[in-house]
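Participant: Below are the sequence and a predicted model; questions follow.
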Amino acid sequence: MSGKLYLVPNTLDFGVADAEVDLQTVLPLHAIQIAARLGYWAAENAKTTRAFLKRVDAVIPLTQPLQSLQITELPRPPKGQTAGKTAGDQTKAWSELLAPALAGHDVGLISEAGLPAIADPGAHLVAAAHAEGIEVVPLSGPSSLLLALAASGLNGQSFAFVGYLPVDAAARSARIRELEALSLRQQQTQLMIETPYRNEALLQALLTQLKPQTRLSVSCGLSLAQGWTRSATVAQWRAKPQNLPDKVPAVFALLAG
């Protein structure tokens with residue numbers, strides 16, 4: 001019998017100074033209970049995963065000492081290797097993370113924030129688990145993308161997450177116009193994110209390139225005490241500007257009309 005791969009949700013306060021939330025306000029008790037008993041972890045960052053587990057321990061004591069837990073970081077793309085060798089090494093590295101599960105132990109997969117495998121490299125491990133016949137169990141928890149969509153008032157029946165837009169100004173402008181045309185044609189909400197220190201640059205690019213009647217929603221610091229969502233037409237945003245913090249994650253959504 002192989003173990004299971006649990007997709008363990010994390011809070012959304014990663015990297016936001018002085019904004020740590022009460023774990024029990026954003027994670028279900030069931031998810032905290034499972035996190036407290038897992039001895040094997042696959043994580044983006046071992047240090048921040050230990051910090052998360054200390055917060056778990058304050059609610060439900062860990063079943064074994066934190067120092068004894070096996071926390072393995074997800075593979076990072078190697079530099080200076082040929083494509084073939086890189087692909088082979090990466091496949092092997094992902095498979096090795098599942099060795100405890102194949103030996104009968106449950107494994108937790110955790111992201112830096114939110115749900116693992118959603119806009120997250122952990123999706124590769126989930127795919128590898130399915131290939132090995134390992135049961136994958138997602139646990140309920142916060143997703144900034146879905147929270148932002150729900151709070152936006154935009155079309156929640158048809159939507160797409162497009163990730164990061166190009167950093168180059170010309171390429172970014174072209175991509176914004178492309179997404180607006182797609183949104184208009186399909187009446188589909190387009191969701192995107194940006195590195196926090198580029199939040200303001202993306203907002204200004206959206207306000208410059210989008211048509212006045214397009215609806216734009218920005219959700220900033222979701223689930224945090226200072227979190228907020230503003231949805232308005234581009235014309236209304238231009239008439240009443242609002243600056244974005246450069247250290248708090250934000251989700252942007254647009255719907256052309």
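Facilitator: Perfect, thanks for sending it.
Participant: what residue ranges in the chain are flagged as low confidence?
Facilitator: Residues of the chain meeting the criterion pLDDT under 70: 17, 77-90.
Participant: Mind jotting down where the helices sit in it?
Facilitator: Ranges of helices within the chain are 23-26, 29-37, 46-59, 83-96, 99-102, 123-131, 144-152, 169-186, 199-209, 234-239, based on DSSP state H.
Participant: excluding its backbone neighbours, what's nearest L210?
Facilitator: V234 (4.6 Å; C-beta to C-beta, 6 or more residues apart in numbering). For every residue, glycine as well, the C-beta is placed using N, CA and C.
Participant: How many neighbouring residues does that neighbour have?
Facilitator: Residues lying near V234 (other C-beta atoms under 10 Å) number 21.
Participant: for A169, same thing?
Facilitator: Residues near A169, counting by other C-beta under 10 Å, number 11.
Participant: I figured it hits T208, correct?
Facilitator: No. The pair A169 / T208 is not scored as a contact, 9.8 Å apart, by C-beta atoms under 8 Å.
Participant: still on that earlier bit, wait, which of the helices of the chain is closest to P9?
Facilitator: Ranking the helices of the chain by proximity to P9 (C-beta to C-beta) places helix 29-37 first, at 5.9 Å.
Participant: starting at the chain centroid, how far to the closest one?
Facilitator: 20 Å (C-alpha atoms, centre = their mean, to the nearest Å).
Participant: which other helices and strands contact that helix?
Facilitator: Where contact means 3 or more C-beta pairs under 8 Å, 6 or more residues apart in numbering; DSSP states H and E, helix 29-37 is packed against strand 5-8, helix 46-59.
Participant: which other residues reach it?
Facilitator: Contacts of helix 29-37 with the rest of the structure, by C-beta atoms under 8 Å, 6 or more residues apart in numbering, involve 6, 8-9, 23-24, 52-53, 56-57, 59-63, 106, 108, 139-141.
Participant: Mind giving me the ChimeraX select for those, buried ones only?
Facilitator: What follows is the ChimeraX syntax for the buried subset of the contacts of helix 29-37, where burial is set by 16 or more other C-beta atoms under 10 Å:
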select :6,8,9,23,52,53,56,60,62,106,108,139,141
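Participant: surely the residue nearest to L210 meets P212?
Facilitator: Yes. Counting by C-beta under 8 Å, P212 is a contact partner of V234 at 5.3 Å.
Participant: Verify the contact between Q226 and V21 for me.
Facilitator: No. The criterion here is C-beta under 8 Å, and Q226 misses it with V21 at 11.0 Å.
Participant: Settle it for me: which of the two has more neighbours?
Facilitator: Neighbours per residue (other C-beta under 10 Å) separate Q226 from V21, with V21 holding more: 18 against 11.
Participant: Can you give me every residue that contacts the nearest residue to the more buried one once chain neighbours are set aside?
Facilitator: Distances taken as C-beta to C-beta, 6+ apart put D13 closest to V21, at 5.3 Å, once the chain neighbours are dropped. Residues in contact with D13 (C-beta under 8 Å, 6+ apart) are 19-21, 113, 223-224.
Participant: change it to 6 Å
Facilitator: D13 makes contact with 19-21, 224 under the criterion C-beta atoms under 6 Å, 6 or more residues apart in numbering.
Participant: Dump these into a markdown table; add distance to L147 as well.
Facilitator: Shown next, in a markdown table, are those (distance: C-beta to C-beta, whole Å):
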| residue | distance to L147 |
| --- | --- |
| A19 | 16 |
| E20 | 18 |
| V21 | 13 |
| L224 | 11 |
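Participant: ok, which pair from the residues you listed is furthest apart?
Facilitator: Greatest spatial distance in the contacts of D13: E20 and L224, 9.1 Å, computed using C-beta to C-beta.
Participant: who has more neighbours, these two?
Facilitator: Neighbour count, other C-beta under 10 Å: between E20 and L224, L224 has more, with 18 against 13.
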